[in-house]
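Colleague: Give me a model of this one.
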Amino acid sequence: MNFFETSRQVTVLGAGMVGVSCALALQAKGWHVTLVDQRNPGEATSAGNAGVLSRSSLLPFNRPGLWQSLPRMLLRPGPSLQVRPSALAHFDFMWRFLWHARRQSFDITTVALDGLIQLSAQTHKAWLAQSAVQHRLRENGWLWLFQNDAAWRGSAFSREVLQEFSVAAQALHGQDIQSLEPHLSSQFQHALWIQDASSVDNPGEVVKAYANQFVKQGGVFHQSEVRALQKQPQGWQYLDASGSSHWAPNVVLAMGPWSESLLKASQFPSDFKAHMAFERGYHRHFKPVAGVTLQRPVYDTAGAYVLSPMVNAEGAPVLRMTTGVELAGRDAALNPQQLEAAENAARRAIPLKEAVEGSDWLGSRPTTPDSRPVIGEMPQCPGLWLAFGHQHIGFSTGPGTGVLLAELMAGESTSINPEAFSPARFS
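Modeller: Residues are numbered from 1 along each chain as shown. As a prediction, the model looks like this:
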């Protein structure tokens, strides 16, 4: 292998939605890519989401008005947000997160995320076809459900922002909701049908299909736990759990919630810190009642859960219930309270059979204080590229992240403006 071929080698650490996307996009640019993860592709954080691909995800949680509602949220935690004591270890994140709840920061974030989401949607469609899993895609949008007039009025700011971005959506009221989803309870007086959205019936299987396509096209996957990174005169060395070292001229760090921990355990001339915290989320599967169906994911804004029609790994239909956000330490113990509250609310919304035994799941989704992922080369560390911090929308933003990172690494003009995602913003 000559020098040019060696310089075009890259190792991607992390085989979730973001890491696999980076591997596929770099491979398409002619890079020789090795993908490394201690688990098989798509088996960690990427396995448990609601499978929604929607431009409505451009709305970050820290938005104008958060300061006014903060006392109520802390004194009376609701299903949309639970703050565990272990989250207080991330105090630097907390105050930075609140500082970004300003209109100026909000505007930067929404524009940046919308571009990344739209780029990802285009890329998803191409990759689904290439991987022969386009049958998993539904393009019939998703529903936000509101129980009463007060809740509908409370969503005015979100609806106005979506309208500003020309996100296709239709307001539904009363019986119009049941006309679209006949088996939903009549407790919902209002709904917003986000039509500029699609969904998949098994997000984990989509990631695996992308990874299989990557290997089929000549990519290499190694199952190994990475413990530390070290800068070398030419390139990077990473150490695995056995203490063995591996060299790569270029490295992409896409390990989701484990990314910043690896940086802390590594040796390099940089004081970079993204100040990440973790939006933990749960899911539970239910067997569908005979004759009761959902055609698209639905989001109960009061219960703060999403119910998505899916199929499991065996191809059997299930309804996946995903919960609101729990701010906690990445490895804090499972807290069943949020799952139980979400299930109680979901059972009031639609008939459900028993929960599928062993289906309870918990994932820690990494989020930055400005609600924007980190995409780009790490300051003072040439050849070390970062792609993490995608909060709860990694499935909606992963492919776009891969495309953008591949363009940056090739020194090309980029499909979207990378400035809002640059690691340099934390310097």
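Colleague: Strands along the stretch 1-150 of the chain, start to end?
Modeller: 9-13, 32-37, 52-54, 81-83, 137-138, 142-146 (DSSP state E, counting those that start in this stretch).
Colleague: Between those, which one is closest to M409.
Modeller: M409 sits nearest to strand 9-13 of all the strands of the stretch 1-150 of the chain, at 7.5 Å, using C-beta to C-beta. Just so you know, the C-beta spots here come from the backbone N, C-alpha and C atoms, and that holds for glycine as well.
Colleague: got a list of contacts for the closest one?
Modeller: The contact list for strand 9-13 (C-beta atoms under 8 Å, 6 or more residues apart in numbering) reads 19, 22-23, 26, 31-37, 226, 236, 238, 246, 248-255, 262, 409.
Colleague: among the residues you listed, which ones are buried?
Modeller: By neighbour count, with 16 or more other C-beta atoms under 10 Å, the contacts of strand 9-13 hold 19, 22-23, 26, 31-37, 226, 236, 238, 246, 248-255, 262, 409 as buried.
Colleague: mind listing which of these are in helices?
Modeller: Those of the buried ones among the contacts of strand 9-13 mapping onto helices are 19, 22-23, 26, 262, 409, per DSSP state H.
Colleague: neighbours around the nearest residue to L113 once chain neighbours are set aside, how many?
Modeller: Distances taken as C-beta to C-beta, 6 or more residues apart in numbering put L58 closest to L113, at 4.4 Å, once the chain neighbours are dropped. Residues near L58, counting by other C-beta atoms under 10 Å, number 24.
Colleague: Contacts only, for L58.
Modeller: By C-beta under 8 Å, 6+ apart, L58 lies in contact with 109-110, 113-114, 117, 161, 165, 167.
Colleague: circling back to that earlier point, least confident pick among the ones in helices among the buried ones among the contacts of strand 9-13?
Modeller: Lowest pLDDT of these: L262, 93.
Colleague: Need the nearest residue in space to that residue, chain neighbours excluded.
Modeller: Distance criterion C-beta to C-beta, 6+ apart; nearest residue to L262, sequence neighbours excluded, is M255 at 6.0 Å.
Colleague: Make sure that neighbour is actually in contact with G19.
Modeller: Yes: M255 lies in contact with G19 (C-beta atoms under 8 Å); the separation is 7.3 Å.
Colleague: Show me whatever sits in contact with both of the two.
Modeller: By C-beta under 8 Å, 6+ apart, the residues touching both M255 and G19 are 13, 37.
Colleague: So which elements touch the lengthiest helix in the chain?
Modeller: Longest helix in the chain by number of residues (criterion: DSSP H): helix 103-130. Other elements packing on helix 103-130 under the criterion 3 or more C-beta pairs under 8 Å, 6 or more residues apart in numbering; DSSP states H and E are helix 17-28, strand 52-54, strand 137-138, helix 203-216, helix 394-410.
Colleague: returning to what we had before: any chance of the ones in helices among the buried ones among the contacts of strand 9-13 in TSV, with distance to F97 too?
Modeller: What follows is those, written out as TSV (distance: C-beta to C-beta, whole Å):
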residue	distance to F97
G19	25
C22	26
A23	30
L26	31
L262	22
M409	30
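Colleague: Closest one of those to L307?
Modeller: Ranked by distance to L307 (C-beta to C-beta), these are led by G19 at 28.1 Å.
Colleague: If you drop the residues flanking it in sequence, what lies closest to the closest one?
Modeller: Take G19 and drop its neighbours on the chain: the residue closest to it by C-beta to C-beta, 6+ apart is A254, 3.7 Å away.
Colleague: same thing with Q380?
Modeller: S270 (4.4 Å).
Colleague: Before we move on, what's the pLDDT of the one you found?
Modeller: pLDDT at S270 comes out at 73.
Colleague: Surely it forms part of a helix?
Modeller: No: applying DSSP: H, G, I helix; E, B strand; the rest coil, one finds S270 to be coil, outside a helix.
Colleague: Could you list which residues are in contact with it?
Modeller: 378-381.
Colleague: same check, this time on M310
Modeller: 51, 201-202, 285, 317-320.
Colleague: which among these gets closest to Q187?
Modeller: Looking across the contacts of M310 and measuring by C-beta to C-beta, the closest to Q187 is L319, at 17.7 Å.
Colleague: which SS class is the closest residue to that closest one other than its chain neighbours?
Modeller: Residue nearest to L319 in three dimensions, not counting chain neighbours: F286, with 4.7 Å by C-beta to C-beta, 6+ apart. Here F286 is strand, with the state taken from three-state DSSP.
Colleague: so F286 makes contact with A316?
Modeller: No: if you go by C-beta under 8 Å, F286 and A316 don't touch, sitting 11.8 Å apart.
Colleague: Buried deepest among the helices and strands packed on helix 103-130, which one?
Modeller: Of all the helices and strands packed on helix 103-130, helix 17-28 carries the top mean neighbour count, a mean of 29, counting by mean count of other C-beta atoms under 10 Å.
Colleague: just the angle between that one and helix 203-216, please?
Modeller: Counting by axes from the mean of the first three to the mean of the last three C-alpha atoms, to 10 degrees, helix 17-28 points 20 degrees away from the direction of helix 203-216.
Colleague: residues in contact with the residue nearest to L262?
Modeller: 13-14, 19, 37, 226, 262, 388.
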